[in-house]
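*Asks:* Let's see this in three dimensions:
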Amino acid sequence: MNPASSSSNIHDHALPQPQTQPPAAAAIGISTAPAPHAPNAFPPPPFPSAYSPPPFPPPGALGYGTPSYSRGPSGYGSGYNSGHNTPEAKSAFPPPPSDTKDPYGPPPGPPPGPPPPFAPLDPSADDLPPPAFHSLYLTSPTSNADAELAEAGWTFTDHHPLSLPCQFTPDHLRQVSHGSIGLSPPPPRFKGIITSRQSGSISITTTSGCPDTCLLSALPLYAAGYDHPHNTGRNKSIYFELKVDMMPKDTALVIGYCALPYPGFRLPGWNRGSLGVHGDDGRRYTNDSYGGRDFVAAFRNGDTVGIGMRWEKAQVWVWFTRNGKEEGGWWLDEQRDAEEENDPLPGLDGCCDVYAAIGVWGGGVQAQVKFLTQSLM
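*Replies:* Reported below is the predicted structural model:
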């Protein structure tokens, strides 16, 4: 057999030939003739052109175009421009209305009034304002030292630091507890006479022209190394009295306490490490070279005045008596505020020995000092 003719037979009889009419279409009677206009078989698109733009404004027409940056005077971009500043944007989005001249000004109407006055519910509450006697004065209404002496007092304390607590013998401590103390020799400036009486009191008499003078006890009534509450575990109180026999007009008599060293030409209470109640104006002074604070009435002839201090673990109480009755007191640190030029605590806070102090000025002053035993305090 010829291989070529064999191949031809295979193609003629194995492969189906294309048909001019689908069998299924002929069976159901559908025309199979080609459509004369094939493109019109589909409806036209809704747009004039298949590639025409959408029926709304192009991008950027309402101010939302492509962002751009503006260049400031320095050469760097000074702001961001998103197209909102175009005329179309301004007309499409007008600025919000403003009915005020200054949008950052105060609200309309008058400002609110002051707050109501303080009115505590309980008159005995601890948060009541301090009484009027805490007022601070620049001068005393009765007598004032020269400015040169005040300056000299500050210079003295600046150049003489407070002394450390001293050591005492058992006999010294026994004398203090029994009230057998006495006075130290007076400063050379003192004009007067000091004598001891059989009753145990000490008499002081000034003569004419006696300048400001501070007289001190021979031993401290408070010995810091032996009496401090942190060492003993208990409070410590001291007290002494002064009998006013005569205090003429235009003179001064002071009862108080001092820590050493103290300028003998300054009355107690005027400088560092001292406090005193002044009999001429009734004011109390604590490291106060000015006018003191209102406290009690002035001393009167025949009065017996006393002053005490009590050291506790965290604070110090000072009290004053007249003729056996307590008339007032204060916590030592209550004056430690912004109004005070000098701190009242150094020397009197319990870290130094504290001596009884009597101040005198002018002639004709007569007084008796009496130190009490510890059992009477």
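
*Asks:* which stretches of the protein have low pLDDT?
*Replies:* Scanning the chain for pLDDT under 70 picks out 1-103, 118-142, 335-342, 374-377.

*Asks:* Please repeat the previous calculation with a cut-off of 50.
*Replies:* Residue ranges of the chain with pLDDT under 50: 1-38, 63-90, 125, 128-134, 338-340, 375.

*Asks:* Which parts of it are strands?
*Replies:* 68-71, 77-81, 192-196, 202-206, 213-216, 236-246, 252-258, 274-278, 284-286, 304-311, 316-322, 325-331, 355-361, 366-371 (DSSP state E).

*Asks:* Using CSV, lay out the ones you listed together with mean neighbour count and distance to residue 145.
*Replies:* (Glycine included, C-beta is placed from N, CA and C.) As requested, those are exported to CSV (neighbours: other CB atoms under 10 Å; distance: least, CB to CB, whole Å):
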stretch, mean neighbour count, distance to residue 145
strand 68-71, 10, 76
strand 77-81, 11, 71
strand 192-196, 14, 18
strand 202-206, 21, 16
strand 213-216, 24, 12
strand 236-246, 19, 21
strand 252-258, 27, 10
strand 274-278, 28, 12
strand 284-286, 27, 12
strand 304-311, 21, 21
strand 316-322, 19, 22
strand 325-331, 14, 23
strand 355-361, 25, 9
strand 366-371, 20, 20
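
*Asks:* With distance to residue 224 as extra columns, can I get these in CSV?
*Replies:* What follows is these, written out as CSV (distance: least, CB to CB, whole Å):
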stretch, distance to residue 224
strand 68-71, 78
strand 77-81, 73
strand 192-196, 27
strand 202-206, 24
strand 213-216, 16
strand 236-246, 10
strand 252-258, 13
strand 274-278, 16
strand 284-286, 18
strand 304-311, 9
strand 316-322, 12
strand 325-331, 19
strand 355-361, 12
strand 366-371, 19
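
*Asks:* Ok, which of these comes nearest residue 150?
*Replies:* Nearest of the strands of the chain to residue 150, taken as CB to CB: strand 284-286 at 12.5 Å.

*Asks:* Give me the residues contacting that closest one.
*Replies:* Applying CB atoms under 8 Å, 6 or more residues apart in numbering, the external contacts of strand 284-286 come out as 256, 267-270, 274-278, 292-293, 295-296, 320, 330, 332, 335, 344, 348.

*Asks:* Equivalent analysis for stretch 167-176, please.
*Replies:* 181, 219, 220, 221, 223, 225, 226, 374.

*Asks:* OK, contacts around the third one?
*Replies:* The reference is to residue 220. Residue 220 neighbours (CB under 8 Å, 6+ apart): 166, 176, 353, 354, 355.

*Asks:* Can you tell me the closest non-neighbouring residue to residue 227?
*Replies:* Computed as CB to CB, 6 or more residues apart in numbering, the closest residue to residue 227 that is not its neighbour in sequence is residue 236, at 4.3 Å.

*Asks:* and if you look at residue 213?
*Replies:* residue 190 (4.6 Å).

*Asks:* Contacts only, for that neighbour.
*Replies:* Taking CB under 8 Å, 6+ apart, one finds 206, 210, 213, 215, 264, 360 in contact with residue 190.

*Asks:* List the residues that contact the fourth one.
*Replies:* By CB under 8 Å, 6+ apart, the contact set of residue 215 is 183, 184, 186, 190, 194, 204, 357, 358, 359, 360.

*Asks:* Touching, the last one and residue 205? I think so.
*Replies:* Right, residue 360. No. Using CB atoms under 8 Å, residue 360 is not in contact with residue 205, being 9.4 Å away.

*Asks:* so what's the residue nearest to residue 242 when sequence neighbours are not counted bridging to?
*Replies:* Leaving aside its chain neighbours, residue 242 sits nearest to residue 255 (4.7 Å; criterion: CB to CB, 6+ apart). With DSSP bridges applied, residue 255 shows beta-bridge pairing to residue 277, residue 358.
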